[in-house]
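Visitor: Need coordinates for the below:
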Amino acid sequence: MNITIVGTGYVGLVTGTTLAELGNSVYCVDIDEKKVEGMKKGIVPIYEPNLEEMFLRNIHANRLHFTTNLKEALDKSEVIYLALPTPPGEDGSADLSYVLKVANDIGEMMTEYKVVVNKSTVPVGTADKVTAVITSKTDLPFDVVSNPEFLREGFAVEDSMNPARVVVGCSSDKAKNIMAQIYQPFTNTGVPIIFMDEKSSELTKYAANSFLAVKITFMNEIANYCELVGADVDKVRLGMGSDDRIGHRFLFPGIGYGGSCFPKDVKALIKSGQDENFKFQILESTEAVNNAQKVILTKDIEKYFNDLKGKKIALWGLAFKANTDDIREASSLDNIKLLLEKGAKVTAYDKIAEANVRNVIGDQIEYAEDMYAALEEADCLLIATEWPEFKNPNFDLMASKMKNKIIFDGRNMFPLEVPEQHGFFYKSIGRKTINN
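Guide: Below you'll find the predicted structure:
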């Protein structure tokens, strides 16, 4: 099948590459000429494990194509995926201007029946808005489908090729049959495809992400309470996760969630509720707790030193999570901002996400060539991202580099006995503080 993907951001590029891998001819459209030229040359514009191999394989197989010409791609395809940004506005609402602009263009350019698939995360009722825009521009038949993505950054290739489920919202039998054909390689292997109405499909994505945000935030509150009463959140987590009604995933405490999905989707659902005079009390509390959790260790650092002016803080990790270069809503940025406001100096290490941070804050901080170089004469270390290379460091080398043997760990990277054996002060989340 010939398919067009409009937008080559994280979702669009992974979706397009996956659909090409399934044997389709995919035309990826983006307005960024430099980006498109780079992709034509085999340059992947985002960091995602295992994506480059699949990307290059499908370019060489002549199944994956890139263009800035929407009309050209539209004429070749029956199915058009919209994978466009829906950034939060100042009030938290999802900005649909990119989606509706392309819908308008499709209405003006189409010459035959099309299936327009909303892949972007959009509020309830967006399919109706897209339908209205296209209808205002053409009398030709078309269908609008909601097909939300459930990709985890860092595991997007795995998730795209082995989805837990495929959710499709549509009202047309013709569109339903076309979507079933696209996803037949998955359903043939037992992956369920769940058909529903468009509004339910749109809400499914927001509900899923918001629930996971609530789950993470609940564990962070439990972790903070553990510290007050002397309980160990690792043991509590194992006890809770053994209940199959709860499960083990998303129970790891830390310094808050970030990224391109959870913060944006929680805000958007809160705002959608407000628009209907409905108050999402749990989500409002989740957002407030998460904002405080993101900088909880910087506040502990300030308590430890009393005055942060002139203190050098080594920071391991800048991405919002491991295995991605995404720094959107990253806890590292919140901590950097607060540390700088308190007069501290920050030296960070994260080779994957460094370029993106430089583009945002420039030379307000220093950037180290390796994880140990960041520790030179550091008063303490703050760990903000759970990169695998941080899991088993050379503690003796760390001690020789640092001014003080002090670690504030926002991702609970080490068993408590390890820093204790090496004589470090070690403060993590929801566990006993090691006071060497």
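Visitor: Tell me which stretches of the stretch 301-436 of the chain form helices.
Guide: Taking DSSP state H, counting those that start in this stretch as the criterion, the stretch 301-436 of the chain contains helices spanning 331-341, 354-361, 395-401, 417-421.
Visitor: which stretch among those comes nearest Asp159?
Guide: With C-beta to C-beta as the criterion, Asp159 lies closest to helix 354-361 of those, at 22.0 Å. All C-beta spots, glycine's among them, are computed from the backbone N, C-alpha and C.
Visitor: And for the protein, the residue most distant from the center?
Guide: Residue farthest from the centre of the chain, counting by C-alpha atoms, centre = their mean, is Asp139 at 38.3 Å.
Visitor: you'd agree that one is in a helix?
Guide: No: assignment of Asp139 by DSSP: H, G, I helix; E, B strand; the rest coil gives coil, placing it outside any helix.
Visitor: who touches it in this structure?
Guide: Applying C-beta atoms under 8 Å, 6 or more residues apart in numbering to Asp139 gives no contacts.
Visitor: phi, psi of it?
Guide: Dihedral pair for Asp139: phi -100, psi 0, per degrees, to the nearest 10.
Visitor: and after the helix ranked longest in the chain, which helix or strand comes next?
Guide: If you go by DSSP state H, the chain has its longest helix at helix 198-229. Counting by DSSP states H and E, the next helix or strand C-terminal to helix 198-229 is helix 233-241.
Visitor: same question for that next one, mean pLDDT?
Guide: For helix 233-241, mean pLDDT is 97.
Visitor: which other residues reach it?
Guide: Contacts to helix 233-241, defined as C-beta under 8 Å, 6+ apart, come from residues 219, 222-223, 226, 246-249, 251-253, 412, 429-431.
Visitor: what's whichever helix or strand comes after that helix packed up against?
Guide: Counting by DSSP H and E, the next helix or strand C-terminal to helix 233-241 is helix 262-275. Packing partners of helix 262-275 (3 or more C-beta pairs under 8 Å, 6 or more residues apart in numbering; DSSP states H and E): helix 198-229, helix 281-293.
Visitor: thinking again about what came up before, now the longest helix of the chain: buried residues?
Guide: By neighbour count on 16 or more other C-beta atoms under 10 Å, the buried set for helix 198-229 is 198-199, 201-206, 209-210, 212-220, 222-224, 226-227.
Visitor: Out of the helices of the stretch 301-436 of the chain, which one sits most buried?
Guide: Of all the helices of the stretch 301-436 of the chain, helix 331-341 has the most neighbours on average by mean count of other C-beta atoms under 10 Å, namely a mean of 21.
Visitor: by contact count, what packs against it?
Guide: Judged by 3+ C-beta pairs under 8 Å, 6+ apart, helix 331-341 is in contact with helix 296-305, strand 312-316, strand 345-349, helix 354-361.
Visitor: The longest one to helix 281-293, inter-axis angle?
Guide: Translated: helix 296-305. 40 degrees (axes from the mean of the first three to the mean of the last three C-alpha atoms, to 10 degrees).
Visitor: Residues contacting helix 296-305, please?
Guide: In contact with helix 296-305 (C-beta under 8 Å, 6+ apart) are residues 224, 255, 308, 311, 313, 335, 338-339, 342, 379-380, 382, 406, 408-410, 427, 429.
Visitor: 7 Å - rerun?
Guide: The contact list for helix 296-305, computed with C-beta atoms under 7 Å, 6 or more residues apart in numbering, reads 255, 308, 311, 313, 335, 338-339, 342, 379-380, 382, 408, 410, 427.
Visitor: Low-confidence stretches in the stretch 51-200 of the chain?
Guide: For the stretch 51-200 of the chain, no stretch has pLDDT under 70.
Visitor: show me where it has helices.
Guide: Remark: helices assigned in the stretch 51-200 of the chain by DSSP H, counting those that start in this stretch are 51-60, 70-76, 97-109, 126-135, 156-161, 173-182, 184-187, 198-229.
Visitor: and Ala292, which of those is closest to it?
Guide: helix 198-229 (9.3 Å).
Visitor: Check which helices and strands that closest one sits against.
Guide: Counting contacts by 3 or more C-beta pairs under 7 Å, 6 or more residues apart in numbering; DSSP states H and E, helix 198-229 packs against helix 126-135, strand 142-146, strand 166-169, helix 233-241, helix 262-275, helix 281-293.
Visitor: got the angle for it vs helix 262-275?
Guide: Using the same axes, to 10 degrees: helix 198-229 against helix 262-275 is 120 degrees.
Visitor: Not counting sequence-adjacent ones, nearest residue to Met161?
Guide: Among residues not flanking Met161 along the chain, Thr18 sits closest, at 6.4 Å (C-beta to C-beta, 6 or more residues apart in numbering).
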